[in-house]
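**Student:** show me how the following folds:
(chains A and B)
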2 protein chains.
Amino acid sequence: MKPLKNLMSSEEAFRTIMDNVQPKQKVEEIIIGDANNRILAEEVISPFDVPPFNRSGMDGYAVKAESVAGADKVLKLMGEVFAGEDKNPEIKDGECVKIATGARVPDSCDSVVIVENTEAKGNNVIVYEPVLPFKHVSMKGADIKKGEIVLKKGEILTPPRIGVLAALGIERAKVFEKPLIGIISTGNEIVPLGSRLPAGKSYDINTFTLKSIVERNFSIPVVHSIVKDDKKKLKETIKKGLRNSDMVVLSGGSSMGERDLIPDILGNSVKFHGVKVKPGKPMLFASVNEKPVLGLPGFPTSCLTNAYIFLVPALRKMANAPNREEKVVKVRMAQSVQSSPGRKQRITVRIENGKAYNVYKESSTITSFADAVGYVEIGEGVDLLERNEEVEVKIFNW
Amino acid sequence: MKPLKNLMSSEEAFRTIMDNVQPKQKVEEIIIGDANNRILAEEVISPFDVPPFNRSGMDGYAVKAESVAGADKVLKLMGEVFAGEDKNPEIKDGECVKIATGARVPDSCDSVVIVENTEAKGNNVIVYEPVLPFKHVSMKGADIKKGEIVLKKGEILTPPRIGVLAALGIERAKVFEKPLIGIISTGNEIVPLGSRLPAGKSYDINTFTLKSIVERNFSIPVVHSIVKDDKKKLKETIKKGLRNSDMVVLSGGSSMGERDLIPDILGNSVKFHGVKVKPGKPMLFASVNEKPVLGLPGFPTSCLTNAYIFLVPALRKMANAPNREEKVVKVRMAQSVQSSPGRKQRITVRIENGKAYNVYKESSTITSFADAVGYVEIGEGVDLLERNEEVEVKIFNW
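**Tutor:** Numbering: from 1, shown residues only, chains lettered A, B, ... in the order given. The predicted model follows:
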């Protein structure tokens, strides 16, 4: 049992992790109906104009604008064009054609008079108001021009972006393969759910919180069974994880107890062990043949806090996804909170009536998170947040 | 071809929809490893204390605090307790037991001295600093008390909430079944992806944007094939949708062209047809034997805008999910924008250097959305947003 020495700063630990994870380059092709929230792996250039023809935006009559300059003009009705029809009648001055929303506006017309401003009388149409040229017409290419870059590599496929692919008739899109993330809970004190809880033991929480975080960040969890503090078993499981995943995330077992075997197993590939953060001091990171291994603390809240701070950005980098946007609100503390000087501390808070309440109990408590809306960072040199002090709450975006 | 009369206000249309959709009551039981982002259908009460014993938060020595009052006390080492062990040795004044993070603190001790403040000498331990009672000990029940309500019905299962279930050893959770949402694109002008685009036609966009929206809002899309403007076919498909889904969402075909058959088919069950919004005027809503049918406009951006405003809240209500939190930022317009008085208009914008730029082109353009970060509402009575005018941008949370 030896204390951790040479703790790394939170910032340096973050940089070390980010420098040692790389975007996954493999690409797969999927139908766009399955593309929700995937990361586009190609630049998409439009092969044609959208709309591909001048399109009516309203129900009404296609005309030459000059035919209806002035009020109450009477035009001769020459036929009709419905949406989807391939018609292009030649319309002359003083004539019009009935047209539906979405239908092709004849090349000989430059605008559409909406039906509300007209009256049909036999073969004639009275137009009560003049119209400006190009009114109610989506010109060919107004949405997307042929050759235009419409989507970029690395964009998240949101509903409108999927819509852009569909507009171009693209049935299949190239997206980045999701990184596979091995999840290993370790410790003699951890037992699986569904079993009776023996004295001295705790249920496995981190497998489930980490699985959910991985799923929410463009990655695929690969869950391993709980591993006891047994060097051989641990080594085997880490090896297996490195073989069938792009990254391995462990929780527990990297503290300084005598059974802390992970640092031993990882040996020279360890980039840091021990970080100046609270909670999270015993955190560990290694790079084994360029595959990252992150050792998170075993206590659930400590594991979760550090997963949000260190793991989520790493997952997103590996997944080729953009950074998570941080939402920050400024409020005053409803209570004073003590901190540990010398380590950056993060406390979870809830906000009520515009004030922040500390809901952080201890690094071992899962409720510190379930009740929180975000967290406050307390700098290394600060030992007290005062009541009414203004703080920045970083809102969780689970 | 008749104009829509008696347009309903946007607010009344919203209320009508929300009054006519009901939370789905069916519940299913799933393993918590699959519970990410599901909606909890039960209140969860803790059957025991968490932690179930006084638990050490650090590696060190469990002591009676009174034994180490004053500096440099020498204690007799009586053994050790590792995490997961079921040991409860009787420790007397002047004695200590080595203890690991996560291990049970003996009932006879009230605090833990961290290893950093000690030195082991043979069978003795020198403690260099006094410790307060309960220091570094998570007391039994400090996280969750037996009988405490830890999760409420209707909560989204986020990583920490899944963690709370795991902490209680709960392997399966009751969650609300996801509502099934039938999606039907209609119109003679719409062709499926992957085919060549005939003159006068457009690719089916709305099926894919709506599918993605449904998936992002706790619901399951049930996609139907495109239906042409054929009354019999449309009627059959709507009927089928009503049979195998909890709601039917149509796009296209509710405008006032001569081929607008949906209002005819739905007859007396139509609650409104025509809304004072731009884009979106031809929107329609019906309730058929208490199953909601929403008719969205056919133009992609018009369809998307109104899906976000009217469909998403309805989906979330049906899914028993909490309302989407709106994020609003105040910025100034970079340009002036004209609006249509008499209808509430929504324009999509992007924000650059703290100013909002209009990216809304027309209701038919999908790029109006793909480039946007949010939208600005322009009131019914307003006909111009001026340059430099302060506006509230509602940020899209896809």
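
**Student:** okay, CA-based contacts and neighbour counts for the rest of this
**Tutor:** Will do.

**Student:** all the strands of the stretch 51-200 of chain A, in order from the start?
**Tutor:** Counting by DSSP state E, counting those that start in this stretch, the stretch 51-200 of chain A has strands at residues A:55-56, A:60-63, A:73-81, A:95-99, A:111-114, A:118-121, A:124-127, A:137-138, A:149-151, A:172-176, A:180-185, A:190-191.

**Student:** which SS class is A:Y308?
**Tutor:** helix (DSSP: H, G, I helix; E, B strand; the rest coil).

**Student:** give me the number of residues near it?
**Tutor:** Counted with other Cα atoms under 10 Å in any protein chain shown, the neighbours of A:Y308 add up to 16.

**Student:** separation between it and A:I183?
**Tutor:** According to Cα to Cα, to the nearest Å, A:Y308 and A:I183 sit 15 Å apart.

**Student:** buried ones in stretch A:377-384?
**Tutor:** A:378-380, A:383 (16 or more other Cα atoms under 10 Å in any protein chain shown).

**Student:** wait, I meant stretch A:133-144
**Tutor:** A:134-144.

**Student:** so how far is stretch A:95-109 from its chain's centroid?
**Tutor:** Here the centre of stretch A:95-109 is set off from its chain's centre by 42 Å, with Cα atoms, centre = their mean, to the nearest Å.

**Student:** show me how far the least confident helix or strand in chain A by mean pLDDT is from its chain's centre.
**Tutor:** The least trusted helix or strand in chain A, going by mean pLDDT, DSSP states H and E, turns out to be helix A:367-370, with a mean of 78. Relative to its parent chain, helix A:367-370 has a centroid offset of 23 Å by Cα atoms, centre = their mean.

**Student:** who does it touch, helix- and strand-wise?
**Tutor:** For helix A:367-370, the packing partners by 3 or more Cα pairs under 8 Å, 6 or more residues apart in numbering or on different chains; DSSP states H and E come out as helix B:159-167.

**Student:** now the helix it packs on against strand B:172-176, angle please.
**Tutor:** Going by axes from the mean of the first three to the mean of the last three Cα atoms, to 10 degrees, helix B:159-167 is angled at 140 degrees with respect to strand B:172-176.

**Student:** does chain A sit close to helix B:159-167?
**Tutor:** Yes: counting by Cα under 8 Å from any Cα of the partner chain, chain A is contacted by helix B:159-167 at B:159-164, B:166-167.

**Student:** identify the farthest-apart pair in those.
**Tutor:** B:P159 and B:A167 (12.2 Å; Cα to Cα).

**Student:** okay, now A:L168: neighbour count?
**Tutor:** So A:L168, with other Cα under 10 Å, has 25 neighbours.

**Student:** what does A:E11 give?
**Tutor:** Neighbours of A:E11 under the rule other Cα under 10 Å: 11.

**Student:** per-residue pLDDT of it, please?
**Tutor:** On the pLDDT scale, A:E11 is placed at 94.

**Student:** before we move on, the earlier item: other residues contacting the helix or strand that comes right after the least confident helix or strand of chain A?
**Tutor:** With elements assigned by DSSP states H and E, the helix or strand that comes after helix A:367-370 is strand A:374-378. For strand A:374-378, the external contacting residues (Cα atoms under 8 Å, 6 or more residues apart in numbering or on different chains) are A:339, A:344-350, A:385, A:391-396.

**Student:** now, which of the residues you listed sits nearest chain B?
**Tutor:** Distance to chain B, by Cα to the nearest Cα, is smallest for A:F396 among the contacts of strand A:374-378, at 10.4 Å.

**Student:** who's the closest residue to that closest one other than its chain neighbours bridged to?
**Tutor:** Nearest residue to A:F396 in three dimensions, chain neighbours excluded: A:G374, at 4.8 Å (Cα to Cα, 6 or more residues apart in numbering or on different chains). Taking DSSP bridges as the rule, A:G374 bridges to A:V349, A:I395.

**Student:** how many neighbouring residues does the closest residue to A:F310 other than its chain neighbours have?
**Tutor:** Leaving aside its sequence neighbours, A:F310 sits nearest to A:F14 (Cα to Cα, 6+ apart; 6.2 Å). Look at A:F14: counted by other Cα under 10 Å, it has 17 neighbours.

**Student:** who's in contact with the residue of the stretch 151-300 of chain A found nearest chain B?
**Tutor:** Minimum separation of the stretch 151-300 of chain A from chain B (Cα to the nearest Cα) falls at A:E189, amounting to 3.4 Å. Contact analysis of A:E189 by Cα under 8 Å, 6+ apart lists A:200-202, B:83-85, B:102-103.

**Student:** dump the strands of the stretch 51-200 of chain A into a markdown table; add mean pLDDT as well.
**Tutor:** Output for the strands of the stretch 51-200 of chain A, formatted as a markdown table (pLDDT from 0 to 100):
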| stretch | mean pLDDT |
| --- | --- |
| strand A:55-56 | 91 |
| strand A:60-63 | 94 |
| strand A:73-81 | 93 |
| strand A:95-99 | 95 |
| strand A:111-114 | 93 |
| strand A:118-121 | 92 |
| strand A:124-127 | 94 |
| strand A:137-138 | 90 |
| strand A:149-151 | 93 |
| strand A:172-176 | 97 |
| strand A:180-185 | 98 |
| strand A:190-191 | 93 |
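
**Student:** so can I have TSV of these showing distance to B:D19?
**Tutor:** Below are these laid out as TSV (distance: least, Cα to Cα, whole Å):
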stretch	distance to B:D19
strand A:55-56	35
strand A:60-63	34
strand A:73-81	39
strand A:95-99	36
strand A:111-114	33
strand A:118-121	37
strand A:124-127	41
strand A:137-138	36
strand A:149-151	39
strand A:172-176	39
strand A:180-185	44
strand A:190-191	47
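
**Student:** from A:A321, how far out is A:K291?
**Tutor:** For A:K291, the distance to A:A321 equals 19 Å [Cα to Cα].

**Student:** of those two, which one has the most company?
**Tutor:** Neighbours per residue (other Cα under 10 Å) separate A:K291 from A:A321, with A:A321 holding more: 22 against 17.

**Student:** all set now, cheers.
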